[in-house]
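Student: predicted model, plus sequence, below.
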Amino acid sequence: MSEAPTLTDTDAAASTSLREFEARARAFLEEHVPRRDTVVVTDTMSAEVVANEQELQKKIYDAGFAAITQPKEHGGQGLGEAESMAWGALTAGYAVPRMLIAISHGMCGPIINLLGTPEQKAKYLPDLWRANTLFAQIFSEPGAGSDVAALRTKAVRAERDGKAGWSLTGQKVWTSNAQYCDYGVIVARTNPDVPKHQGITMFIINLRDPAVTIRPLRVATGEYPFNEIFIDSLFIPDSDRIGEVDKGWDAAVAMLRFERISIGTSSTKSTGPLSFEKLADVAREAGLAQDPAARAALVEAHVLEQGTDLLALRMREEVEAGIDLGPRGSIAKLAGASANFRVNEIISDIAGLSLVAWDGPGAAYPPLTKAFTGAPSSWTAGGTIEIQLGIVGERVLGLEKDPSVDRGVPFRDIRRSA
């Protein structure tokens, strides 16, 4: 009979260390962070919200609970995946900053960590993890939304004060929360004489530079979550180039993958207006708690919520365990967007006219109306549903690519409508 495995001294020490980490994390959360069910969780950014969440994120970082697995030399805590997974599980019920750092920590930090130089990591990452500085992702253009590779913002070689670099000119749009950000990760065309997926380069830019103009865009809810950005001959030192010249498409794909993974794996048990519990309350207020059709719709909403949360949890645990999701990250994003689409239909059926008519000032959207009006953005954020289906079909299932008339054509020769 084989002997039962025994716990080594190393295993025992790791287990003790993890328990100590968890105990510290629980104590910190109880003292400094409100529980999600005691506050109104919002995805609306404002100067006041940003300032408050930055202060909270600094406390989290200083206590050792941000950038948990990042190397210490790059501003991280230098801990393992076990601690990262423990922190993720413990914070599910707390109102830790999420929207504030979603792009900085979920997209920009990872791409700098993946492709950045040691100097870039030392310069940008410590302040990024602590939320001293905030980053924006700057990809989409008026003529290059889902087809990011059709971008026309250009960067040409330049020199300033004896320093080699680039002069950047162009227009970007749909940049989330750029009005509150200090830096951005941007892609620009550096060679128009090669096919559009080539000749693109990625840079870090200073959004406070006078050559950058940021104009917030008002959406249907009356808020300003997105921006258009105009850039006029912005000088970028070559030391702020990420990755190789003309190889920015590969960097962009990696960053978009980080984005879709971040969106798809960020789900936690919802306490917002679109959660099953809130929808059940709406049904009761509407006198539909015993209506068979309403009850069936609520069951469907509950199943969708549980399914997407469990999928997000599984993928988040894979990421935290060091497993590369690759294009599978689009599955979680696709599932979440599809679930939101159906839940919005359910809301319309149950809430009825209360979605569009209410007492009080006209500009003060009730939470349910605001959530209902804003929900369609999830169908395009991080790539449309159609884009996600294409990624899953081609890169996960191995289906043939759709035909493309501009494949292999130099970018300057591609015909455009304007």
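Tutor: Great, that's in hand.

Student: every contact and neighbour count from this point should use C-alpha atoms.
Tutor: Will do.

Student: who are the contact partners of Pro376?
Tutor: Asn340, Phe341 (CA atoms under 8 Å, 6 or more residues apart in numbering).

Student: can I take it that it is in a strand?
Tutor: No: counting by DSSP: H, G, I helix; E, B strand; the rest coil, Pro376 is not found in a strand; it is helix.

Student: which residues sit against stretch 79-86?
Tutor: Identification of contacts with stretch 79-86 by CA under 8 Å, 6+ apart yields Leu18, Phe21, Glu22, Ile68, Thr69, Gln70, Glu317, Glu320, Ala321, Gly322.

Student: just checking, which of those residues comes out lowest on pLDDT?
Tutor: Among the contacts of stretch 79-86, Glu320 carries the weakest pLDDT, at 67.

Student: re earlier: any of the contacts of stretch 79-86 buried? List them.
Tutor: Listed as buried from those are Leu18, Phe21, Glu22, Ile68, Thr69, Gln70, Glu317, Glu320; burial here means 16 or more other CA atoms under 10 Å.

Student: gap between Phe139 and Ile186?
Tutor: 6 Å (CA to CA, to the nearest Å).

Student: ditto for Gln290
Tutor: 52 Å.

Student: between Phe139 and Ile186, which one's more packed in?
Tutor: Neighbours per residue (other CA atoms under 10 Å) separate Phe139 from Ile186, with Phe139 holding more: 25 against 22.

Student: my read is that that one contacts Gly184, right?
Tutor: No: shown here, Phe139 and Gly184 do not form a contact pair, counting by CA atoms under 8 Å, at 9.8 Å.

Student: just the endpoints, please. Distance across stretch 94-106?
Tutor: Length of stretch 94-106, first residue to last, CA to CA: 19 Å.

Student: returning to that earlier point: nearest to Ser354, of the contacts of stretch 79-86?
Tutor: Glu317 (39.3 Å; CA to CA).

Student: what sits against the closest one?
Tutor: Taking CA under 8 Å, 6+ apart, one finds Met85 in contact with Glu317.

Student: neighbours of Ser225, how many?
Tutor: Just so we're on the same page, residue 225 is Pro rather than Ser. 20.

Student: if I look at it, how far off is Asp182?
Tutor: From Pro225 to Asp182 the distance is 16 Å (CA to CA).

Student: counting neighbours, what do you get for the closest residue to Gly64 other than its chain neighbours?
Tutor: Spatial nearest neighbour of Gly64, excluding adjacent residues (CA to CA, 6 or more residues apart in numbering): Gln77 at 6.3 Å. Gln77 has 19 neighbours, counted by other CA under 10 Å.

Student: helix, strand, or coil at Leu168?
Tutor: Assignment for Leu168 (three-state DSSP): strand.

Student: identify the residues contacting the closest residue in space to it that isn't next to it in sequence.
Tutor: Distances taken as CA to CA, 6+ apart put Ala155 closest to Leu168, at 4.4 Å, once the chain neighbours are dropped. The contact partners of Ala155, taken as CA under 8 Å, 6+ apart, are Trp166, Ser167, Leu168, Thr169, Ala188, Arg189, Thr190.

Student: next one: the first one from Trp358, what distance?
Tutor: Trp166 sits 53 Å away from Trp358, taking CA to CA as the criterion.

Student: looking at these two now, which is surrounded by more residues?
Tutor: Neighbour count, other CA under 10 Å: between Trp166 and Trp358, Trp166 has more, with 23 against 13.
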